[in-house]
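> Have a look at this fold, sequence not included:
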């Protein structure tokens, strides 16, 4: 597994997001979204067995979505915030489908990865306002543990989360008419680290990768070279920018990725302007695409 030596140690700080109030909003946005849950996807039971099937590919961090065919039930596609119904435990996940969803055409979708100690509703809360106004579906599974596998707070190896995410992706593609060519992945904090790892490992699946305040780089292998958007707060007190954000961006650039890196005045968070920038970049409308702070990478 590839681990960026200059930024890996700081990933241990992810535990702060589990035991303290250090992470963005401490669940306030998730609490606001909870009353808006509009039911459960009817297809959950059909994909439930796959969600716990950890095969060799899963241990390598390789996602399997099944056939990327047009949705089988376009006429009855539900919108709003829906539970996935893939798990009978409290750790399941959610999908947000904007009211503008049109089953007669392909629709953009982003796989949203939550921070440590959080869940899918927290992941939705980061980008839901921007996704709603832009007509983008958000798929937000829960990690199987307190944070994502392959991170040091777990066992440091891919496996159960990969199987669950694969099932969630297959379910979303079966239920909705998703444009597989524009599939994106985004995450915040530990979720950003995991999004980078999955984006690098599954670079032919994800067209774009968005990492808001990541702690470092993990990847079982590299396949494809999708462009990457990164943001980091200059006053980040969880993943200090000189130990995490800057080294991560420099490493990605040094190995050939097209990196857009935005530093902002703020802490460990995704403020509204950065959320806007993230979605604008994903849609190809970000004026500062390709920008990279000068002088932050050692020779």
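Thanks, I have the structure now. Note that the structure is a prediction, hence the values are computed from the model and not measured.
> can we go C-alpha only for contacts and neighbour counts from here?
Will do.
> moving C-terminal of the strand or helix carrying residue 31, what's the next helix or strand?
Taking DSSP states H and E as the definition, one finds residue 31 inside helix 28-33. Sequence-wise, the next helix or strand downstream of helix 28-33 (DSSP H and E) is strand 37-40.
> buried stuff in that next one?
residue 40 (16 or more other C-alpha atoms under 10 Å).
> which helices and strands does it pack with?
strand 80-83 (3 or more C-alpha pairs under 8 Å, 6 or more residues apart in numbering; DSSP states H and E).
> could you pull out the strands for this protein?
Assigned by DSSP state E, the chain shows strands spanning 2-3, 37-40, 80-83, 93-97, 109-113, 137-141, 184-188, 208-212, 218-219, 228-233, 259-264.
> now those in JSON lines, with mean pLDDT and distance to residue 56?
Below are the strands of the chain laid out as JSON lines (pLDDT from 0 to 100; distance: least, C-alpha to C-alpha, whole Å):
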{"stretch": "strand 2-3", "mean pLDDT": "54", "distance to residue 56": "18"}
{"stretch": "strand 37-40", "mean pLDDT": "93", "distance to residue 56": "30"}
{"stretch": "strand 80-83", "mean pLDDT": "97", "distance to residue 56": "28"}
{"stretch": "strand 93-97", "mean pLDDT": "97", "distance to residue 56": "24"}
{"stretch": "strand 109-113", "mean pLDDT": "98", "distance to residue 56": "22"}
{"stretch": "strand 137-141", "mean pLDDT": "98", "distance to residue 56": "21"}
{"stretch": "strand 184-188", "mean pLDDT": "98", "distance to residue 56": "22"}
{"stretch": "strand 208-212", "mean pLDDT": "98", "distance to residue 56": "24"}
{"stretch": "strand 218-219", "mean pLDDT": "82", "distance to residue 56": "15"}
{"stretch": "strand 228-233", "mean pLDDT": "98", "distance to residue 56": "27"}
{"stretch": "strand 259-264", "mean pLDDT": "98", "distance to residue 56": "30"}
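> so what's the nearest residue to residue 261 once chain neighbours are set aside bridging to?
With C-alpha to C-alpha, 6 or more residues apart in numbering as the measure, residue 230 is the residue that lies nearest to residue 261, at 4.7 Å, once sequence neighbours are left out. Here residue 230 sits in beta bridges with residue 211, residue 261, going by DSSP bridges.
> pretty sure residue 59 is touching residue 159, no?
Yes: the criterion here is C-alpha atoms under 8 Å, and residue 59 meets it with residue 159 at 4.5 Å.
> Look at those two and report which has more neighbours.
Shown here are residue 59 and residue 159; by other C-alpha atoms under 10 Å, residue 159 has more neighbours (24 against 19).
> got a list of what the more buried one touches?
Contact analysis of residue 159 by C-alpha atoms under 8 Å, 6 or more residues apart in numbering lists 54, 55, 58, 59, 60, 61, 149, 150.
> List only buried entries from the residues you listed.
Buried by 16+ other C-alpha under 10 Å: 54, 58, 59, 60, 61, 149, 150, out of the contacts of residue 159.
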